Structures are given as structure tokens and as C-alpha cells.
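Undergrad: Provide a 3D model corresponding to the input given below.
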Amino acid sequence: MSVKAVVWDVDDTLFDYTTADRAGMRAHLAAERLLDGYESADHALAHWRRITDAQWARFSAGEVTFEEQRRDRVRVFLGRPELSDGEADDWFRRYLGHYEAAWALFPDVLPALDALAASHRHAVLSNSSLHVQEHKLRTLGLLDRFEAVLCAAELGVSKPEARAFLAVCEALRLRPHEVAYVGDHPEIDGRGAAEAGLLSVWIDRGGVCTAEAGAPTRRHRIASLAELPAIVAADTRFGAPSTFG
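TA: Next comes the predicted model:
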């Protein structure tokens, strides 16, 4: 069974979100004169990341909209629940200016896409919004490489739900076993894609995570996208040892 398409996560898979978020928020907090309230810039950034993760989980669970999670991140971070939607939006918009100035691809992205350009179709599945990710991919010069971009805010379902992965397969008119999914999160991306029947590839650049015992053999763990072309060409999911740890 050959893989005909590769579907990609965006943040921390193609795009170095963590670095851009930290650099952008550090510059934003300095401009807003908010760093004095923390022991260090690192403490402020860690606080922002915890709040981001918590509010993003609410969005992924369908408890709030994409815009609401952004506003709530600002209100919780500033400790100002009384902020109006407009005030929260303005604060976040100022942050976005610093954040976007730090955008960059990982260095292994373009070589991997080039290596697979002629042999495989490409699409995106992200737990963000279409407006945000299309703007990001266009700015980074990648948008034209993907024939479909699907996002949770418009789909109404988020990874790791199987319906999210099956939606992108349907958009490509391919069966799940004909599609590989590449993402940076071992559960949201790795396990979710595998349980939906896709060839699952977890990009673990930091090498800090460990695979659980009994991980499905349909998952592969790689440290660099340079390893991806060989995996999707071989497609040795069934009956082969897992490389997911």
C-alpha cells in the first residue's frame, strides 16, 4: 500500500513557532513595559506559555471560539478579566507584530518538500484557523505547495479526533492508508493520525520525549525531516518494527 500524499502540521513542524512566540512575546512585553512585574523574562514567557496551552486546550475541546481563546489569553496573562474584546484584540494585535517579525521555517523543511514534490501530493491539517495559517504559509513562501489547507476552527473538530484526519483524507479523495501525517506532538499528531489509519510520523527534533510502551507500529519517530522521504517511500507500517521510540 503506497503513500500518495503527505499532510503536514504547521506550528513547530514546518514553522518554528516556539522560537517565534518567545522572541515576539519578549519584544512585546518590553515594549509594553511589563517585564518589571516578573523575576525574569523567562518567567514571564513561561507564564504566557502556560496560559496559551490552557486556553488552547479549551478551544480544542470546543469550549470557546478561536477568537475567544486569544482574548482570554490576554485577560488571564494581564490579570484583567474586565478587558473588553476590543482592548484584548488590540493588545494581541500589538504582540502579533513582534511575533511575525520572528517567523522562520526550520532548515530541514524546504529540502524535504523539494525531495517529495514530484512523488507525493501535499496538504495541511492544523488545529488553528484558516485565516491564520494561510497568512503564515503565504508569508513563509509555502502556501502554493499545498493543494488543501484544513483547520480546526473551520472544520469544527480538532486533532487528535479521527474526524479531523479523515476530513483531510476526504479533501484529497484518498483513503487513510494512502496518506502520511507529519506533526510534532506525540499524542495530538502521532497517536491521533495512527488511530485514524494514516501513516503517522512524529518529528521529535529535540529528542526529549519518550515513546510509550506498546506504541502502534503505524507510527514513526524521526529527528529530522531528512528522514521522511525514505519512510513514505517504503511505507513499512504493517508487520515492521516501530521506529516511534
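Undergrad: alpha carbons only for contacts and neighbour counts from here, please
TA: Fine.
Undergrad: For this protein, just list every one of the helices.
TA: 17-31, 41-60, 66-78, 85-101, 109-116, 130-139, 152-155, 162-172, 192-195, 228-234 (DSSP state H).
Undergrad: Please point out which parts of the fourth one sit buried.
TA: Across helix 85-101, burial judged by 16 or more other Cα atoms under 10 Å covers 88, 89, 92, 95, 96, 98, 99, 100.
Undergrad: these two touch, right, the fourth one and residue 22?
TA: So that's residue 95. No: using Cα atoms under 8 Å as the test, residue 95 is too far from residue 22 to be in contact (10.9 Å).
Undergrad: For the spatially closest residue to residue 95 that is not a sequence neighbour, which residues are in contact?
TA: With Cα to Cα, 6 or more residues apart in numbering as the criterion, residue 95 has its nearest non-adjacent residue at 5.4 Å, and that residue is residue 28. Each residue near residue 28 by Cα atoms under 8 Å, 6 or more residues apart in numbering is listed here: 94, 95, 98.
Undergrad: sorry, back to before: export the buried residues of helix 85-101 to TSV and tack on distance to residue 185 and pLDDT?
TA: Formatted as TSV, the buried residues of helix 85-101 follow (distance: Cα to Cα, whole Å; pLDDT from 0 to 100):
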residue	distance to residue 185	pLDDT
88	29	98
89	28	98
92	25	97
95	25	97
96	24	96
98	25	97
99	22	96
100	23	97
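Undergrad: Which residue of this protein is positioned most peripherally relative to its centre?
TA: Largest separation from the mean C-alpha position in the chain: residue 36, at 31.4 Å (Cα atoms, centre = their mean).
Undergrad: domains of this protein?
TA: The chain breaks down into these domains under automatic domain parsing: 5-16+104-234, 17-101.
Undergrad: Could you say which of the ones you listed is packed most deeply?
TA: domain 5-16+104-234 (a mean of 19; mean count of other Cα atoms under 10 Å).
Undergrad: Report the mean per-residue pLDDT for that one.
TA: In this model, domain 5-16+104-234 carries a mean pLDDT of 93.
Undergrad: Spatially, and excluding backbone neighbours, which residue is closest to residue 94.
TA: The shortest distance from residue 94 to any non-neighbouring residue, by Cα to Cα, 6+ apart, is to residue 28 (7.2 Å).
Undergrad: So for that neighbour, what's the pLDDT?
TA: Value for residue 28, per-residue pLDDT: 97.
Undergrad: any idea how far the residue nearest to residue 95 is from residue 182?
TA: With distances taken as Cα to Cα, to the nearest Å, residue 28 is found 31 Å from residue 182.
Undergrad: now the nearest residue to residue 105 once chain neighbours are set aside: how far from residue 164?
TA: In space, and not counting its chain neighbours, residue 105 is closest to residue 15: 4.5 Å by Cα to Cα, 6+ apart. Distance from residue 15 to residue 164, counting by Cα to Cα: 21 Å.
Undergrad: do residue 13 as well
TA: Counting by Cα to Cα, the gap from residue 13 to residue 164 is 18 Å.
Undergrad: just to revisit the earlier point, could you single out the nearest of the buried residues of helix 85-101 to residue 228?
TA: residue 100 (27.8 Å; Cα to Cα).
Undergrad: Now do the contacts for the closest one.
TA: If a contact means Cα under 8 Å, 6+ apart, then residue 100 has 20, 24 as its contacts.
Undergrad: Distance check, it against residue 26.
TA: 13 Å.
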